[in-house]
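>>> A structural model of the following input is requested.
(chains A and B)
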Amino acid sequence: AQSVTQLDSQVPVFEEAPVELRCNYSSSVSVYLFWYVQYPNQGLQLLLKYLSGSTLVKGINGFEAEFNKSQTSFHLRKPSVHISDTAEYFCAVSGNAGGTSYGKLTFGQGTILTVHP
Amino acid sequence: NAGVMQNPRHLVRRRGQEARLRCSPMKGHSHVYWYRQLPEEGLKFMVYLQKENIIDESGMPKERFSAEFPKEGPSILRIQQVVRGDSAAYFCASSSGQGDVDTQYFGPGTRLTVL
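Numbering: from 1, shown residues only, chains lettered A, B, ... in the order given. A predicted model of the protein is given here:
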């Protein structure tokens, strides 16, 4: 079984400032890790994913995340945010058994990022 | 390339009625997942289906909820005798079922309101 904790429910930040959205997970098996973004009244869009290899993963819209196995974390970062980044961000994990992911995703509670001008 | 489609986008039902939510996966995808997002909560897995098979229904409520993914046509999530607590956004995702990591792509959701 897996669980995901997003440590901040809301993160306000000014435009062009850096931001970090925190995500910790627990799992009894190896995992694959994902970040999704949800704009108001829309579905989820995949930002980036960690499968294996380099622990620093780059995604769309200038976002990146770093997998830290010892700290069981997968924090999302962006060096300079824009107004258009205002949205809710979800961290998710899926189990990894023998190199193949399980079907279901386990999501965190979400972090609402609000970028102020 | 059309993405995952869900309809209706908004659905209003009175208590005791039935709700049917439809999901058409991305072209070439044969795996479908349903998630529910309750107010102020994250997404919770409900069920994972492949064509004509339920693979994992560990997140489905034991009563009133059912899902299918027939050989032809969309996947259907059916909620019988709806109650106010069923009000939520229901998201469908699809994947190809190929490769090492089966990335899921989400539809826009159906927002169910039970009066």
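
>>> from residue B:40, how far out is the residue positioned nearest the centre of chain B?
Among the residues of chain B, the one closest to the centroid is residue B:34, at 3.5 Å (CA atoms, centre = their mean). From residue B:34 across to residue B:40, the span is 20 Å (CB to CB, to the nearest Å). (C-beta placed from N, C-alpha, C; glycine too.)

>>> all strands of chain B, in order?
According to DSSP state E, chain B carries its strands in the segments B:5-7, B:10-13, B:19-24, B:31-37, B:43-50, B:53-56, B:65-68, B:75-79, B:88-95, B:105-106, B:110-114.

>>> equivalent analysis for chain A, please.
Ranges of strands within chain A are A:2-6, A:10-14, A:19-21, A:23-27, A:30-38, A:44-50, A:56-58, A:64-68, A:73-78, A:87-97, A:100-101, A:106-107, A:111-116, based on DSSP E.

>>> pLDDT of the second one, averaged?
Strand A:10-14 shows a mean pLDDT of 97 in the predicted model.

>>> okay, and the helix or strand of chain B with the least pLDDT?
strand B:53-56 (a mean of 90; mean pLDDT, DSSP states H and E).

>>> count the neighbours of residue 27 for me.
Just going to use chain A. By the measure other CB atoms under 10 Å in any protein chain shown, the count of residues near residue A:27 is 17.

>>> can you look at chain B instead?
Using other CB under 10 Å, residue B:27 has 9 neighbouring residues.

>>> picking that back up, and the strands of chain B as a markdown table, adding distance to chain A?
Formatted as a markdown table, the strands of chain B follow (distance: least, CB to the nearest CB, whole Å):
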| stretch | distance to chain A |
| --- | --- |
| strand B:5-7 | 8 |
| strand B:10-13 | 10 |
| strand B:19-24 | 11 |
| strand B:31-37 | 6 |
| strand B:43-50 | 4 |
| strand B:53-56 | 6 |
| strand B:65-68 | 13 |
| strand B:75-79 | 14 |
| strand B:88-95 | 6 |
| strand B:105-106 | 4 |
| strand B:110-114 | 8 |
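
>>> between these, which one is nearest to residue A:31?
Proximity to residue A:31, assessed across those by CB to CB, is greatest for strand B:43-50 (14.7 Å).

>>> distance from the chain centre to the closest one, please.
Centroid separation between strand B:43-50 and its chain, computed with CA atoms, centre = their mean, to the nearest Å, is 7 Å.

>>> that one pairs with which strands, parallel or anti?
With DSSP bridges as the test, strand B:43-50 is paired with strand B:31-37 (antiparallel), strand B:53-56 (antiparallel).

>>> which residues are in contact with the first one?
By that I understand strand B:31-37. Strand B:31-37 is contacted from outside by A:103-105, A:107, B:23, B:25, B:43-50, B:55, B:67, B:69, B:75, B:77, B:88-97, B:102, B:104, B:109, using CB atoms under 8 Å, 6 or more residues apart in numbering or on different chains.
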